[in-house]
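> Provide a 3D model corresponding to the input given below.
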Amino acid sequence: MKKIIVLLILFIILTAFVAFCPVVTQWDKSIILFLQDKLAFLPVEIFMLPDCVLYSAMIAIPIIGFGIYFFRKKLYFDIIFISSVPFITFLFNCIIKPIIKRPRPGFELQIAGIHPDSFSFVSSHSLVTICLWGMVIWYLYKYCSNKLWRLIGISISVLWILFVGLSRIVIGVHNPTDVLCAYILGLLLLNLYIKLHNYLIKTS
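Numbering: from 1, shown residues only. The predicted structure is shown next:
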């Protein structure tokens with residue numbers, strides 16, 4: 001519970017800075033320009049991968065894969081839990097974005113030709129990814145006894161989580177603090193998910 005409280009306080013503080021301190025947006029802009037400059041040698045299409053079918057696939061794969069595994073093991077709670085992650089995170093985005101109403105980075109920073117007309121805070125891609133693939137990591141620790149496969153799965157999960165956040169910043173559709181706060185909120189929700197899961201298992 002202590003970890004959840006710390007994450008909640010951290011999220012509230014950073015959200016307040018984003019909402020009421022314009023200098024934060026200036027810092028964000030500097031970071032975006034720095035990353036775009038340092039990573040300019042890479043094709044922009046690489047960083048657009050989370051905007052194509054790959055992103056949908058990386059949501060479907062763990063839900064379908066673990067869903068089949070849990071169905072065979074008759075772990076019906078877990079099917080509901082992992083399947084609900086995208087919907088819960090989408091709900092939080094629908095609540096937070098209209099409250100904070102943070103504009104996207106300027107058009108001059110959006111190098112991929114994508115100009116979303118929705119609000120920027122928090123990054124929905126980053127939030128969904130850290131919640132869903134964080135659950136994957138937790139389930140791999142819980143159910144995968146093969147150390148090699150567990151290491152491979154966790155490595156893929158961590159790299160995908162980091163890549164999605166980086167890609168949102170590099171193509172200029174999100175500020176770094178949008179991604180950072182999405183990760184913090186995602187860790188908060190993930191901890192709540194795990195606590196609720198363990199409670200329901202114990203009481204069932």
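> going forward, measure contacts and count neighbours with C-alpha atoms only.
Will do.
> correct me, but Ile82 touches Leu132?
Yes. Ile82 lies in contact with Leu132 (C-alpha atoms under 8 Å); the separation is 7.1 Å.
> The two - which one has more neighbours?
In this view Ile82 and Leu132 are compared by other C-alpha atoms under 10 Å, and Leu132 has more residues nearby, 27 against 21.
> Would you mind listing the buried residues in the helix or strand where the more buried one lies?
Element membership of Leu132 [criterion: DSSP states H and E] is helix 124-143. Using 16 or more other C-alpha atoms under 10 Å as the test for burial, helix 124-143 gives 124-137, 139-141.
> Run through who's touching that helix.
By C-alpha atoms under 8 Å, 6 or more residues apart in numbering, the residues outside helix 124-143 that reach it are 50, 59, 62, 82, 85-86, 89-90, 93, 150, 153-154, 157-158, 160-161, 164-165, 179, 182-183, 185-187, 189-190.
> Could you give the number of residues near Ser30?
Residues lying near Ser30 (other C-alpha under 10 Å) number 14.
> So which bits of the helix or strand where it lies are buried?
When elements are assigned from DSSP H and E, Ser30 belongs to helix 22-38. Of the residues in helix 22-38, Val24, Thr25, Asp28, Lys29, Ile31, Ile32, Gln36 count as buried by neighbour count, 16+ other C-alpha under 10 Å.
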